[in-house]
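Chemist: prediction below, plus the sequence it came from.
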Amino acid sequence: MLAKMYKEYAVQRTFKRIGIMGGSFNPIHIGHLVTAEEAFSQFDLDIIIFIPSGQPPHKEPRKFAPAEDRYLMTVIATASNPHFIVSRIEIDRKGPSYTVDTLKELRKIYSSETEIYFITGADAILEILTWKTPEILAEHCEFIAATRPGYSLEKFKELHLLNENAKKLPKVHFMEVPALAISSTDIRKRLRNGQPIKYLVPEGVEHYLYKSQLYTTENYGS
Ligand code: ATP
Ligand code: MG
């Protein structure tokens, strides 16, 4: 019911510039939230839609926590921010999540008058060039590549320049965000080792993680 409400809220409003924050959110942490908020501000966006992935094609055979848990944690983490919403578009779709399918679906909701910005970290942007049909992505959206500790955007810039003339690649904007050396991998490890996760994830997510014992009972994703 709540999910439906969010969906309708997103559909009803006529947004001109939307940001998409895709990820496995396994679990969501403040690195994701700070990056999304920075894109919202720097690119003058109307809304950020968080889209937890179903079954990410690039990450198999890694096992993820159930989509419903990752979705709920994303809702909890974003609930207090009026310009953050969460979509079930990928978790409700059967089969692997391909960004291009998600963008096509979003384009059915938002006309070509709406600019779509797909936000990624410095690690994930590298994958764009390896996606099957980057030229189709280019038809639907532009990318925002955020700095992330431990990853260099320079390699991407070089590859991007090399490929620019060969294919019609999506436009990529670069964005500096306050450096947060936080990853879901590290949070899962901390939970397994009984180390603190306080202040690395929103308080509600911290409680959800302790209550559900999600990553301590099962080894979801190394
Ligand atoms: P994992 O360690 O399981 O891969 P993750 O922390 O990388 O998790 P993802 O869900 O894979 O989180 O990332 C979703 C998006 O958020 C990606 O585009 C990723 O680059 C970006 N991102 C994640 N953490 C940060 C961070 N600390 N700073 C900037 N961008 C980030
Ligand atoms: Mg990742």
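Modeler: Arrived safely, thanks for sending. Numbering: from 1, shown residues only. Ligands and ions are numbered 1, 2, ... in the order given.
Chemist: quick check: which element contains Arg107?
Modeler: Assessed by DSSP states H and E, Arg107 sits inside helix 99-109.
Chemist: which strands and helices lie in contact with that helix?
Modeler: Helix 99-109 makes packing contacts with strand 17-23, strand 115-121, helix 134-140 when contacts are defined by 3 or more CB pairs under 8 Å, 6 or more residues apart in numbering; DSSP states H and E. For the C-beta atoms, the positions are set from N, CA and C on the backbone; glycine is no exception.
Chemist: recalculate using a threshold of 10 Å.
Modeler: Here helix 99-109 touches helix 2-12, strand 17-23, strand 47-52, strand 115-121, helix 134-140, going by 3 or more CB pairs under 10 Å, 6 or more residues apart in numbering; DSSP states H and E.
Chemist: check what contacts that helix and list those residues.
Modeler: Applying CB atoms under 10 Å, 6 or more residues apart in numbering, the contact partners of helix 99-109 are 7, 10-11, 15, 18, 20, 22, 49, 51, 53-54, 56-58, 87, 89-90, 93, 95, 98, 110, 114, 116, 118, 120, 127-128, 131-134, 136-137, 139-141.
Chemist: okay if I get the helices and strands packed on helix 99-109 as a markdown table plus distance to ligand 1 and mean neighbour count?
Modeler: Converted to a markdown table, the helices and strands packed on helix 99-109 look like this (distance: least, CB to the nearest ligand atom, whole Å; neighbours: other CB atoms under 10 Å):
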| stretch | distance to ligand 1 | mean neighbour count |
| --- | --- | --- |
| helix 2-12 | 20 | 12 |
| strand 17-23 | 3 | 23 |
| strand 47-52 | 8 | 24 |
| strand 115-121 | 2 | 23 |
| helix 134-140 | 14 | 16 |
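Chemist: those: which one's closest to Val177?
Modeler: Taking CB to CB, strand 115-121 is the member of these nearest to Val177, at 8.6 Å.
Chemist: what does the average pLDDT come to for that closest one?
Modeler: The average pLDDT within strand 115-121 is 96.
Chemist: quick one, that strand and strand 47-52 angle?
Modeler: 50 degrees (axes from the mean of the first three to the mean of the last three CA atoms, to 10 degrees).
Chemist: if I look at Arg70, how far off is Ile48?
Modeler: Going from Arg70 to Ile48 by CB to CB, to the nearest Å gives 17 Å.
Chemist: dump the residue contacts of Thr216.
Modeler: Going by CB under 10 Å, 6+ apart, Thr216 touches Arg188, Leu191, Arg192, Asn193, Gly194, Leu209, Tyr210.
Chemist: mind redoing it with 6 Å?
Modeler: By CB atoms under 6 Å, 6 or more residues apart in numbering, the contact list for Thr216 reads Leu191.
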